[in-house]
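>>> Provide a 3D model corresponding to the input given below.
(one chain, ligands or ions: 2)
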Amino acid sequence: MTTLTLALSKGRILDDSLPLLTAAGIAPTGDAERLLRLPSQNPDVSLLIIRATDVPTYVAYGAADLGIVGKDVLLEHGGDDFYEPLDLGIARCHLSVATRKDSPLVHGERPFKRRLRVATKYPNLARRHYAERGEQVEIIKLYGSMELAPLVGLADVIVDLVATGNTLRANGLVEVEKICDISSRLVLNKAATKLKHDALHGLVDRLRAAVETRRG
Ligand code: PRT
Ligand code: MG
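Ligands and ions are numbered 1, 2, ... in the order given. The predicted model follows:
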């Protein structure tokens, strides 16, 4: 029997994936809060619980046959290391540029005699966004709490994910540009699509059916 390994991250993605995993018969049966590798309802499928940004790496190297990961992480990772057959439509949000609500940047002004400073955990995505409009910016890579950067003068703007907008509002920030919509995707290891073709495509079909049922 062919065994399959699916990588995903805990928190938002695991929470939102659970109904789909359950419908596809691969809900976790172990303690997803503590275990890093746990069994699922299907004895031939096991789950890896890893950092969201590590999912593309596990799938690209074949340590996982498939993975669930945000489009933000895929776009930032770049490349064509894996197949992306299915938009799961979960963990929806969008990537935006935001700044202080009292900033002249709200009205499209730019800093005088220097480049715009952009704080983000998505340096590649942010650089690409400004490059597309012919603007050279200074990227400041952060690992979290991006919202603080404009408040303390570290950056003029942030490029970050927005869902409800509550975090921006609570910190006196406003969106000035929407870059793109984001949702979670199913990604497949390329070699596994050949070597484990039947098992893998069977599982992709069950997940696709679960997504379609949920969409109604
Ligand atoms: O937390 P950790 O550092 O371990 O990893 P992570 O932050 O990458 O994981 P997690 O679980 O926070 O996010 C995983 C994925 O969820 C992301 O890669 C996105 O694809 C997706 N997602 C969907 C979100 C959001 N919505 C979201 N709102 N990820 C983060 N946020 C954050 C956002 O960065 C901001 O700080 O929530 C805040 C804004 O939310 P609102 O509702 O206040 O607008
Ligand atoms: Mg987080």
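
>>> which ones are touching the residue nearest the centre of the chain?
In the chain, the residue lying closest to the centroid (Cα atoms, centre = their mean) is G70, at 2.2 Å. By Cβ atoms under 8 Å, 6 or more residues apart in numbering, G70 lies in contact with 13, 52, 91, 182-185. For every residue, glycine as well, the C-beta is placed using N, CA and C.

>>> Now the two most distant members of these.
A52 and S183 (13.5 Å; Cβ to Cβ).

>>> So which of the two has more stuff around it?
A52 (21 against 16; other Cβ atoms under 10 Å).

>>> Please save the CA atoms from the biggest strand by length in the chain in CSV.
Using DSSP state E, we find that the single longest strand of the chain is strand 173-182. C-alpha atoms of strand 173-182 as CSV (Å, rounded to 0.1, in the frame of the first residue of the first chain):
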residue,chain,number,x,y,z
LEU,A,173,-3.1,52.2,10.3
VAL,A,174,-5.1,52.3,7.0
GLU,A,175,-4.8,50.3,3.8
VAL,A,176,-3.6,52.4,0.9
GLU,A,177,-3.3,49.6,-1.7
LYS,A,178,-4.5,46.1,-2.1
ILE,A,179,-1.9,43.9,-3.8
CYS,A,180,-3.7,40.6,-4.2
ASP,A,181,-6.2,38.1,-2.7
ILE,A,182,-4.8,35.2,-0.7
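
>>> for it, which positions count as buried?
173-174, 176, 179, 182 (16 or more other Cβ atoms under 10 Å).

>>> How about stretch 117-129?
117-123, 125-127, 129.

>>> now swap in stretch 26-37 and tell me
26-28, 32.

>>> Thank you kindly, that will do.
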